[in-house]
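Engineer: Structure here, sequence nowhere to be found:
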Ligand SMILES: C[S@@+](CC[C@H](N)C(=O)[O-])C[C@H]1O[C@@H](n2cnc3c(N)ncnc32)[C@H](O)[C@@H]1O
């Protein structure tokens, strides 16, 4: 599966967010950043996960932050609004970048957030321009993680912090399951937690911290699958039965791997 096509068809998207805001009676009308809370986060763990990452990255008022693979810009807007940082988001998908810009404009955060189309392995950004780099659940799509880490190190100032979450593989994840993740979810490469530690060290980062989040992820995913299924009628009405079934099958397979302890999540911090 091609990663751009995967996100072009993803069920978390701008149209769905705007529809929820209409249903809540917030649109048409003037929106505030609070109106988007939780709607625009495309990772597990929601806003507490962004806060944990911000702590790990040492982000505070005025920090120049880069969000690598920023998606719809939810984490970037939250960091700008709640912590007063100035955030640049980069994403490969042109539709995601355009949506991120529009959503920031809708809630008056267009001056604190900027979104650029680009590849995480070749960031279209100056050297040493950032105090912190963050990323959430995206590098699973990138084969060449050494290139992403080298780019993060290049754009960070000396002593700047990197903090990210990503999927991690556990030993029982079979090759055919990896192949299915690649084919269905564009999950190109999923390292082990020790694999990531070693990659960070080889890329020249120091003060490396790695935390296994697989157990809390299990509970989060169980609840998300239940919620997805509880919204079946509305989703079928919006996307059609075939797309609902395809996504349900995919989701159940993915959650099954996490339940079986084959796949999990990790949070990493390191200093450039
Ligand atoms: C699961 S979403 C996460 C979005 C965002 N980090 C969040 O938590 O809301 C993964 C994002 O990674 C982006 N992506 C995948 N490969 C990329 C690459 N090589 N360079 C930049 N962005 C990429 C996708 O387009 C998608 O928007």
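Structural biologist: Received the coordinates, thanks. In this text, all values refer to a predicted model and were calculated from it rather than measured experimentally. Residues are numbered from 1 along each chain as shown.
Engineer: helix, strand or coil for residue 124?
Structural biologist: Under DSSP: H, G, I helix; E, B strand; the rest coil, residue 124 falls in the coil class.
Engineer: can you list the residues of the protein near the ligand?
Structural biologist: Counting by C-beta under 6 Å from any ligand atom, the chain comes close to the ligand at 3, 7, 41-43, 69-71, 74-75, 90-93, 96, 119-121, 136-138, 141-142. Just so you know, the C-beta spots here come from the backbone N, C-alpha and C atoms, and that holds for glycine as well.
Engineer: any chance you could map the helices in the stretch 51-200 of the chain?
Structural biologist: 74-83, 94-106, 145-155, 175-185, 193-202 (DSSP state H, counting those that start in this stretch).
Engineer: can you pull the pLDDT of residue 70?
Structural biologist: On pLDDT, residue 70 comes in at 98.
Engineer: Give me the neighbour count for it.
Structural biologist: If you count neighbours by other C-beta atoms under 10 Å, residue 70 ends up with 27.
Engineer: these two touch, right, it and residue 77?
Structural biologist: No. With contact defined as C-beta atoms under 8 Å, residue 70 does not count as touching residue 77 (9.6 Å).
Engineer: lowest average confidence, helix or strand, in this structure?
Structural biologist: helix 232-239 (a mean of 86; mean pLDDT, DSSP states H and E).
Engineer: contacting residues for residue 89?
Structural biologist: For residue 89, the contacting residues are 66-67, 70-71, 73, 76, 97, 100, 113-116, by C-beta atoms under 8 Å, 6 or more residues apart in numbering.
Engineer: Pull the contacting residues for the spatially closest residue to residue 100 that is not a sequence neighbour.
Structural biologist: Spatial nearest neighbour of residue 100, chain neighbours left out: residue 73 (3.1 Å); criterion: C-beta to C-beta, 6 or more residues apart in numbering. Counting by C-beta under 8 Å, 6+ apart, residue 73 touches 40, 67, 89, 99-101, 103-104, 113, 115.
Engineer: neighbours of the residue in the chain that the ligand sits nearest to, just the number please.
Structural biologist: As assessed by C-beta to the nearest ligand atom, the ligand sits closest to residue 71 within the chain, at 2.5 Å. Neighbour count of residue 71, defined by other C-beta under 10 Å: 27.
Engineer: Quick check: nearest residue in space to it, chain neighbours excluded?
Structural biologist: Nearest non-adjacent residue to residue 71 (C-beta to C-beta, 6+ apart): residue 42, at 4.5 Å.
Engineer: Tell me how far the one you found lies from residue 106.
Structural biologist: Between residue 42 and residue 106 the computed distance is 17 Å (C-beta to C-beta, to the nearest Å).
Engineer: Okay then, goodbye and thanks.
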